[in-house]
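Trainee: Fold the following for me, if possible:
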Amino acid sequence: MGMAVHEFTFTHNGRTFRCRIDTAGEAGGMARPSNPVWLVEVDGASHTPFDASLDDSTDDVQRRVTEWFDSTRRPSGPPD
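Mentor: Below you'll find the predicted structure:
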């Protein structure tokens, strides 16, 4: 049985997120077919915030990505 979702793109708070399953360690990690991860590209950078699962749906992954992204954003201070 293959993954339910392999790749998709969505927009959140004005940013475009490209999400795809990485099984080859393209993001510099240790991903392989037996432990795939979600590769998330946003603002020109690639991230692998969590493992991929056989039962991942687009809605589930989008929710996890936005929660992860929102929790890692730091408020920027006033410009110098």
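Trainee: what residues does stretch 7-16 touch?
Mentor: 17-21, 42-43, 58, 61-62, 65-66, 69 (C-beta atoms under 8 Å, 6 or more residues apart in numbering). Any C-beta I mention is one placed from the backbone N, CA and C, and that applies to glycine too.
Trainee: what's the answer for stretch 55-72, then?
Mentor: Residues contacting stretch 55-72 (C-beta under 8 Å, 6+ apart): 3-5, 8, 10, 12, 15, 17, 19, 38, 40, 42, 49-50.
Trainee: Let's see the ChimeraX selection covering just the buried ones among those.
Mentor: Filtering those down to the buried ones (16 or more other C-beta atoms under 10 Å) takes a single ChimeraX command:
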select :5,17,19,38,40,49
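Trainee: Restricted to helices, list the contacts of stretch 55-72.
Mentor: Assignment to helices by DSSP state H places none of the contacts of stretch 55-72 there.
Trainee: hey, which helix or strand in the chain has the poorest pLDDT?
Mentor: strand 45-51 (a mean of 92; mean pLDDT, DSSP states H and E).
Trainee: in that one, what's buried?
Mentor: Quick answer for strand 45-51 (16+ other C-beta under 10 Å): His47, Thr48, Pro49.
Trainee: Check stretch 68-75 too.
Mentor: So for stretch 68-75, counting by 16+ other C-beta under 10 Å, buried means Phe69.
Trainee: any low-confidence regions in this structure?
Mentor: 1-4, 25-34, 74-80 (pLDDT under 70).
Trainee: For it, just list every one of the strands.
Mentor: 7-12, 15-22, 37-42, 45-51 (DSSP state E).
Trainee: want to throw those strands into TSV with distance to Arg73?
Mentor: Formatted as TSV, the strands of the chain follow (distance: least, C-beta to C-beta, whole Å):
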stretch	distance to Arg73
strand 7-12	11
strand 15-22	10
strand 37-42	11
strand 45-51	12
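Trainee: With Arg15 as the reference, measure out to Thr9.
Mentor: From Thr9 across to Arg15, the span is 11 Å (C-beta to C-beta, to the nearest Å).
Trainee: Gly44 now?
Mentor: 11 Å.
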